[in-house]
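Asker: here is a sequence together with a model predicted from it:
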Amino acid sequence: MAANDTFTTEELLYGFEKTVFGLEYRSWSWRPYLVKKFTRPVLFQVHNLSSRDRTQTVHQFVREIDKRVDGLKTGIARDPAEANFEVYVVDRAQYERVVKTEIYKSERANVPGRCLVRVVSGRDGIKRSAAVIVSDEGEFLFKRCLVEEVLQGLGPMNDDEDLTHSVFNDSSRHSRFTVFDQLILNMLYDPRIKPGMSLKQTRAVLPLVVRDARRRVR
């Protein structure tokens, strides 16, 4: 595993800009070129619709995020009404139906990608996220989709083909929460980075944010 000093400050600033500002599917969200993040604990609910029960694997990843990202509290909702991040684990045959009925509530919705996440955001931060993860097309795709879509649902929503150490790159072969991505999430959830900030506004504080993120990611 890469160490937190493997990457230059410039690489981390580039990664932050490319993942936090912009969207893989630009028509999907409010004001794409502003910071999007949760400002309260993220409580997950898992809907395992797949023939294989992946619930514990999703719960384990939620606990890993809680341990590895400062400034962000994640957990499992005890009451479904409290959940603000829903994860649907499906077999491929269920994917299109679940996206249309559970995520977009519309039979006319477009259903792109192998897996997806939808983020509902405003000036005060992310309100809700929902991800659909395909379970029955191999372990790599399941783990890859779980990590990428859940992390993107926390705010860094864009992909970039130059990010070779990241899951935020559809060409990379990563299927775990890489050190690079841990650094990006710790930068995003630094209290100096506020929802609704523009790229220009973040640039004044990001060098210090990078320094402090390195201290947190081991």
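Answerer: Nice, I can see it.
Asker: which elements pack onto the lengthiest strand in the chain?
Answerer: Scanning the chain for the strand with the most residues, using DSSP state E, yields strand 125-134. Applying 3 or more Cβ pairs under 8 Å, 6 or more residues apart in numbering; DSSP states H and E, one finds that strand 125-134 contacts strand 85-90, helix 92-98, strand 116-122, helix 139-152. Bear in mind the C-beta positions are built from the backbone N, C-alpha and C, glycine included.
Asker: if we go to 10 Å?
Answerer: strand 42-48, helix 55-68, strand 85-90, helix 92-98, strand 116-122, helix 139-152 (3 or more Cβ pairs under 10 Å, 6 or more residues apart in numbering; DSSP states H and E).
Asker: any idea which of the ones you listed gets closest to Ser166?
Answerer: helix 139-152 (9.1 Å; Cβ to Cβ).
Asker: report the beta-bridge partners for the closest residue to Gly153 other than its chain neighbours.
Answerer: Distances taken as Cβ to Cβ, 6 or more residues apart in numbering put Ser129 closest to Gly153, at 3.5 Å, once the chain neighbours are dropped. Counting by DSSP bridges, Ser129 is bridged to Phe85, Val119.
Asker: wait, what's in contact with Ser129?
Answerer: 36, 38, 42, 44, 84-87, 117-121, 149-150, 152-155, 157 (Cβ atoms under 10 Å, 6 or more residues apart in numbering).
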